[in-house]
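Trainee: Here's my sequence, what's the structure:
(2 chains)
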Amino acid sequence: GAGVSQTPSNKVTEKGKYVELRCDPISGHTALYWYRQSLGQGPEFLIYFQGTGAADDSGLPNDRFFAVRPEGSVSTLKIQRTERGDSAVYLCASSLMDGEAFFGQGTRLTVV
Amino acid sequence: DAKTTQPPSMDCAEGRAANLPCNHSTISGNEYVYWYRQIHSQGPQYIIHGLKNNETNEMASLIITEDRKSSTLILPHATLRDTAVYYCIAPTSGTYKYIFGTGTRLKVLA
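Mentor: Have a look, this model is predicted:
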């Protein structure tokens, strides 16, 4: 596709459940980022991949959050034992090594 | 990241130029200034970036002061579709971690 694709666009889950959010970056982009955006706030950095490895995961809030990018393309953000405070829009972005980041439309996660 | 400060909101008449300021007084010599915008319920959209020289593309112009402590994003002929939150970002050189802040909410008025 032409842009960053995120699936699902919306996800409702029960407190305590496990969720996976998927990101398909722009073809050829080596860098991939995950951000989280709460209502009324700017996006908040979670993790950055360069290729397959997590170059910076300093924004992950706790060990319930984990992200992988096994083949250097598609990435999955995994949240264990979801809490109501995890409700937010999760944004994925990708870029070339030295380029600007292009964002997807996000996955709106609601934990009930 | 260099700390950036922006006014929380601005109004602009349709068809007029929208000038959005950003202060980044602690920016380092090799840190770029990036501008993004976010229209309601969409992901952030890249607009423009620059280092020292003024930049222009099909969306906007970026004016950076000579001391690089501030910049202005200019939308030359604002339309209703330009209503959005505009973010000014100055990521630390060598990293790609954007610190977004709360941005400027631009409302273009008919």
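Trainee: tell me how far stretch A:77-96 is from the chain's mean position?
Mentor: Chain-centre distance of stretch A:77-96: 5 Å, with CA atoms, centre = their mean, to the nearest Å.
Trainee: again, but for stretch B:31-50
Mentor: Stretch B:31-50 sits 7 Å away from the centroid of its parent chain (CA atoms, centre = their mean).
Trainee: avg pLDDT for it?
Mentor: On average, the pLDDT along stretch B:31-50 is 94.
Trainee: pLDDT below threshold where in chain A?
Mentor: Applying pLDDT under 70 to chain A picks out residues A:1.
Trainee: what's the residue of it found nearest chain B in contact with, if anything?
Mentor: Residue nearest to chain B within chain A: A:Gly42 (3.2 Å; CB to the nearest CB). The C-beta positions use only the backbone N, C-alpha and C, and glycine is treated the same way. A:Gly42 makes contact with B:85, B:87, B:100-103 under the criterion CB atoms under 8 Å, 6 or more residues apart in numbering or on different chains.
Trainee: Looking at the residues you listed, which are in helices?
Mentor: Taking DSSP state H, every one of those sits outside helices.
Trainee: Identify the farthest-apart pair in the residues you listed.
Mentor: Spatial extent of the contacts of A:Gly42 (CB to CB) is set by the pair B:Val85 and B:Gly101 at 10.1 Å.
Trainee: These two - which one has more neighbours?
Mentor: B:Val85 (21 against 18; other CB atoms under 10 Å in any protein chain shown).
Trainee: who's in contact with the more buried one?
Mentor: Contacts for B:Val85 (CB under 8 Å, 6+ apart) come out as A:42, B:37-38, B:102-106.
Trainee: From those, list just the buried residues.
Mentor: Buried members of the contacts of B:Val85, scored by 16 or more other CB atoms under 10 Å in any protein chain shown, are A:42, B:37-38, B:103-106.
Trainee: host element of the residue nearest the centre of chain A?
Mentor: In chain A, the C-alpha nearest the mean C-alpha coordinate belongs to A:Trp34, at 3.6 Å (CA atoms, centre = their mean). Here A:Trp34, judged by DSSP states H and E, is contained in strand A:31-37.
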